[in-house]
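Visitor: Here is the input, now give the coordinates:
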Amino acid sequence: MPVDVLITPLPGTLDGAVDRLALCELHSDVPFDDDGTASITLHCVLSGKVRAVVDGLPAQTLPKGCAMLLPTGKALRLVAERSRGARARTPVRVLIGNVSLTASVALGLGDALRRPLLHDLHAAPGAEALLTTLEAELDQPGTGTVLIASALMKLFLVQAARKLAQGEAHSDPRVARVIGAVLTDPGAAHSITSLAGLVGMSRATFIRHFMRATGMNPMQFVAKARLDHAAELLRSTSLPVKSVAARIGYLNRSHFSRAFRRAHGMDPSQFRAAQGGEIPAGTMEEADKAAFPRARSDQ
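Guide: Reported below is the predicted structural model:
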């Protein structure tokens with residue numbers, strides 16, 4: 001039977017900025033529908049053209065080399081758009097990822113992104129080479145394919161955020177200062193009182209401003225920042241799990257493991273292995289091939 005829509009989850013995250021990477025392949029007019037997530041999503045068109053409809057707004061055609069940054073909670077429909085005479089079995093490919101809360105706040109996206117933001121990927125330095133390389137590898141994944149996809153998403157996220165910042169006001173500068181303090185040292189003994197004092201606000205006023213800018217309680221943000229930082233340490237260092245826990249303010253490893261499991265769906269050791277921290281060097285190519293299966297017209 002023909003493959004209409006193929007969604008392939010990709011392993012790993014992007015330095016805590018973009019996670020749940022997936023490659024969406026549209027092989028016919030059967031649409032891909034998403035009811036909206038609790039996070040901002042980034043969609044990069046790698047090949048072909050896509051017709052995108054967001055929450056009933058007029059449809060927009062997204063050509064190859066276009067990225068769309070979608071606000072939280074927005075329903076989305078993607079349909080392959082083909083020119084007359086185009087091969088019906090040639091897949092239209094879109095790379096999709098969820099933008100983490102910490103990245104969204106740090107880049108000023110949370111309170112500024114109200115409508116879908118379109119961005120020309122070719123405007124980013126080095127983007128043309130990344131697009132060409134990734135497109136060539138999709139049919140025959142090899143060592144480093146996932147890394148190329150991750151580099152592409154990170155580059156375009158930063159470029160889209162810069163574009164948004166040029167036309168939109170940033171979040172409350174007092175809240176931004178607190179966010180910077182938390183992200184700089186997530187393991188410090190942060191409290192609502194200490195964070196409010198940092199910007200000279202009362203507790204009640206600070207909570208109100210912080211929730212309006214980020215959509216969450218200050219201590220919820222602190223907990224999220226700590227666990228995101230823990231994930232990055234597990235990915236990028238060989239520190240024992242106990243040491244990672246201590247660095248982000250957990251004195252008890254079992255408490256840390258339970259909190260990490262709730263946030264990331266697996267315990268710290270499993271997460272490290274899943275990110276490639278314990279994958280033998282000879283198996284990296286096999287892992288990439290599993291992430292990007294060869295596209296097939298018929299099954």
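
Visitor: Name the nearest residue to residue 199, ignoring sequence neighbours.
Guide: With C-beta to C-beta, 6 or more residues apart in numbering as the criterion, residue 199 has its nearest non-adjacent residue at 4.1 Å, and that residue is residue 174. From N, CA and C alone the C-beta is placed, and that goes for glycine too.

Visitor: Quick check: mean pLDDT of the helix or strand that contains residue 46?
Guide: Assessed by DSSP states H and E, residue 46 sits inside strand 40-47. Mean per-residue pLDDT for strand 40-47: 88.

Visitor: Check which strands are paired with it and give the direction for each one.
Guide: Paired neighbours of strand 40-47 in the sheet (DSSP bridges): strand 66-70 (antiparallel), strand 92-99 (antiparallel).

Visitor: wait, is residue 270 part of a helix?
Guide: Yes - the assignment for residue 270, made by DSSP: H, G, I helix; E, B strand; the rest coil, places it in a helix.

Visitor: burial count for it?
Guide: 16 (other C-beta atoms under 10 Å).

Visitor: Next one, pLDDT for it please.
Guide: 89.

Visitor: got it, and residue 295?
Guide: pLDDT recorded at residue 295 is 33.

Visitor: Could I get the contacting residues of the residue nearest to residue 199?
Guide: Contacts for residue 174 (C-beta atoms under 8 Å, 6 or more residues apart in numbering) come out as 199, 201, 209.

Visitor: Give me the buried entries from these.
Guide: Among those, those buried by neighbour count (16 or more other C-beta atoms under 10 Å) are 199, 201, 209.

Visitor: quick one: contacts for the nearest residue to residue 49 once chain neighbours are set aside?
Guide: In space, and not counting its chain neighbours, residue 49 is closest to residue 81: 4.3 Å by C-beta to C-beta, 6+ apart. The contact partners of residue 81, taken as C-beta under 8 Å, 6+ apart, are 48, 49, 50, 51, 61, 92.

Visitor: that's a helix at residue 78, yeah?
Guide: No - read with three-state DSSP, residue 78 is strand and lies in no helix.

Visitor: Report how many residues lie close to it.
Guide: Neighbours of residue 78 (other C-beta under 10 Å): 24.

Visitor: And the pLDDT for it?
Guide: 92.

Visitor: Is residue 201 in a helix, a strand, or coil?
Guide: Under three-state DSSP, residue 201 comes out as coil.

Visitor: okay if I get the contacts of residue 174 as TSV plus distance to residue 20 and pLDDT?
Guide: Formatted as TSV, the contacts of residue 174 follow (distance: C-beta to C-beta, whole Å; pLDDT from 0 to 100):
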residue	distance to residue 20	pLDDT
199	33	89
201	35	92
209	30	86
